[in-house]
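Chemist: pasting a predicted model and its sequence here:
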Amino acid sequence: MKYNFKAPCSKKKLRAIRDFIGKNLKKHNLDDIEINMIVLAVDEVCANLIIHSHDCDPNESLELNMNVDAKHEGVTFEIIDRGEGFNILKYKEPSLDDIVRNKKKGGLGLMLVKRIMDHIEFKSSPRKNICKLYKKFENH
């Protein structure tokens with residue numbers, strides 16, 4: 001089952017993105033913990049794109065395509081934008097000791113994305129960037 005959502009690059013739209021993901025995952029009888037983890041991961045990627053790649057410019061937008069596979073074994077997200085590309089696969093996560101020692105705010109979101117999702121792909125061209133996230137459902 002496929003779902004699509006397009007949103008302006010505004011932090012105010014993050015709630016709508018989370019609601020879109022959660023509402024559509026609930027249709028597939030997942031437990032709340034699994035839904036919340038998936039929502040957290042996708043929200044983090046979208047927030048980073050909105051804030052860092054688009055400087056919260058509501059004149060720009062991102063597309064979110066969600067596809068629950070036919071056997072309900074997992075879900076794939078495609079997040080498409082036209083901002084400055086950021087390859088999550090090349091992100092070197094800081095150690096927790098460094099984050100605590102430097103009292104740095106942030107830095108944990110992408111670490112969570114990598115731990116929650118089962119597979120991540122990133123493709124960039126001069127016209128668009130596509131971040132694909134895949135999660136296998138736990139109880140299916």
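Modeler: Good, I have the coordinates. Source: prediction; values computed, not measured.
Chemist: any idea which helix or strand comes after the lowest-mean-pLDDT helix or strand in the chain?
Modeler: Counting by mean pLDDT, DSSP states H and E, the chain has its least confident helix or strand at helix 96-101, which shows a mean of 58. Counting by DSSP states H and E, the next helix or strand C-terminal to helix 96-101 is helix 109-116.
Chemist: distance from the chain centre to that following helix, please.
Modeler: Centroid separation for helix 109-116 versus its chain: 10 Å, with Cα atoms, centre = their mean, to the nearest Å.
Chemist: now for that helix, which elements pack on it?
Modeler: With contacts taken as 3 or more Cβ pairs under 8 Å, 6 or more residues apart in numbering; DSSP states H and E, helix 109-116 sits against helix 32-48. C-beta here means a position set from N, CA and C on the backbone, and glycine is covered the same way.
Chemist: leaving out sequence neighbours, find the closest residue to Lys13.
Modeler: Nearest residue to Lys13, sequence neighbours excluded (Cβ to Cβ, 6 or more residues apart in numbering): Ala7, at 4.2 Å.
Chemist: list of residues touching the helix or strand hosting that neighbour?
Modeler: Counting by DSSP H and E, the element that carries Ala7 is strand 2-8. Strand 2-8 is contacted from outside by 13, 16-17, 20, 24, 46, 58-67, using Cβ atoms under 8 Å, 6 or more residues apart in numbering.
Chemist: ok, 6 Å please
Modeler: Lys13, Ile17, Phe20, Asn24, Pro58, Ser61, Glu63, Leu64, Asn65, Met66, Asn67 (Cβ atoms under 6 Å, 6 or more residues apart in numbering).
Chemist: great, nothing more from me.
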